[in-house]
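Q: let me see the structure of the following:
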Amino acid sequence: MTAVEAPAVPGGAAAAPPRAPRGRVGLLVTAIVVVLAAVPLFLAPFATTTLTRILVFALFAVSLDLLVGVTGLPSLGHAAYFGSGAYAAGWVSINVTAEAPVPLLVGGAVGALVAALTGWITVRSAGVFFLMLTLAIGETVQQLANAWDSVTGGANGLTGIPSVRIAGAPLTNAGFTYWYVLAVFLVGFVVVWLVARSPFGAALRGIRDNEPRMRAIGYPTALYKYAVFVLAGGVAGLAGSLLAAQARIVALPDLGFLTASFALLAVIIGGAGSLWGACLGAALVIVIRDALGPSLGGHGTLVLGAVFVLVVYLLPRGAAGIRLRGRRS
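A: This next block holds a predicted model:
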């Protein structure tokens, strides 16, 4: 039973135009999207649900990569915006409406708002100070969620979140939920990709490589960093709203350090600055932690730690580095 059926020409070497590789990349991307869209037709509900969680976490990792890889701002508190968006989307679904895209927009807006409130001071720091500030922000937001029991459910989490509705029909089917998450993931990924390739993204990479020089030639670097911080928070909140739609429960760990560290791990494994690499890293994290973890006696986190050490020593540029070295050879 599948998830949908279940309830719930090579050119000359001397003058190879750039269009050929771009065309091949376009075909590859199209093929990947088609395969992803067809997944629920062939996989069982459990496997489809696992892929849904991978897409949710991949969008979260892509939002973090916008900070870490593109701008050079490694964060240990990014889960604060992910979890805030999840709580907001879940609360709206319970108390207002579960009709899409309302919970989705609310989750993204709350993630951006929390990032805006915490980012203005944070982006004025750098290095270890930035890292520790983001960690403190993440822990603070988690404690606030724990204390705000009437809204978040406290230590028990926010439960009873209804299924997302589209045109009045609830998405109780695992395959339909997967398609909803896939559609939002693709939109979010394209938005981040366009930002990273825009003149704004080029300025962010300049800040990452040499912020004093960018400041000396007239760029308001603090404003640029603040803008991308808020944008990354909004995309993380969007991913959080997908978490609420898929899991239909939001818990305190979704705001905490462990979730943030898993996302940073996914970015490093995939290769900081490579958006597709962040998606590969996210897939590896979810597969080891959630799918293989139980069969490993609960030692999935230990395996992830070993994978991280191997990547640092063998693939310092992550999965993206494999492609880069292949191009140079």
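Q: helices and strands around the helix or strand where Leu194 lies, which ones?
A: With secondary structure defined by DSSP states H and E, Leu194 is part of helix 174-197. The helices and strands touching helix 174-197, judged by 3 or more Cβ pairs under 8 Å, 6 or more residues apart in numbering; DSSP states H and E, are helix 19-42, helix 45-65, helix 221-247, helix 275-286. The way it works is simple: take the backbone N, C-alpha and C, and place the C-beta from them, glycine included.
Q: now the ones you listed in TSV, please, with extra columns for mean pLDDT, mean neighbour count and distance to Leu104.
A: Shown next, in TSV, are these (pLDDT from 0 to 100; neighbours: other Cβ atoms under 10 Å; distance: least, Cβ to Cβ, whole Å):
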stretch	mean pLDDT	mean neighbour count	distance to Leu104
helix 19-42	83	12	19
helix 45-65	95	25	12
helix 221-247	95	25	5
helix 275-286	91	25	19
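Q: which of those sits closest to Thr159?
A: Proximity to Thr159 (Cβ to Cβ) singles out helix 221-247 among the helices and strands packed on helix 174-197, at 10.2 Å.
Q: the closest one versus helix 45-65: what angle between them?
A: Angle of helix 221-247 versus helix 45-65, following axes from the mean of the first three to the mean of the last three Cα atoms, to 10 degrees, is 170 degrees.
Q: and helix 221-247, how far out from the chain middle?
A: 9 Å (Cα atoms, centre = their mean, to the nearest Å).
Q: numbering from 22 from now on, please.
A: Noted, 22 is the first residue going forward, which turns the last one into helix 242-268.
Q: so which elements touch it?
A: So helix 242-268, by 3+ Cβ pairs under 8 Å, 6+ apart, packs with helix 66-86, helix 100-116, helix 123-143, helix 195-218, helix 220-237.
Q: can you list these in TSV and add distance to Ala176?
A: Listed next are the helices and strands packed on helix 242-268 as TSV, based on distance: least, Cβ to Cβ, whole Å:
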stretch	distance to Ala176
helix 66-86	23
helix 100-116	14
helix 123-143	21
helix 195-218	27
helix 220-237	38
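Q: closest to Ile182 out of the ones you listed?
A: helix 100-116 (4.5 Å).
Q: now that closest one: average pLDDT?
A: In this model, helix 100-116 has a mean pLDDT of 96.
Q: any buried residues in it, and which?
A: 100-115 (16 or more other Cβ atoms under 10 Å).
Q: do the same with stretch 143-152
A: For stretch 143-152, using 16+ other Cβ under 10 Å, the buried residues are Thr143, Val144, Phe151, Leu152.
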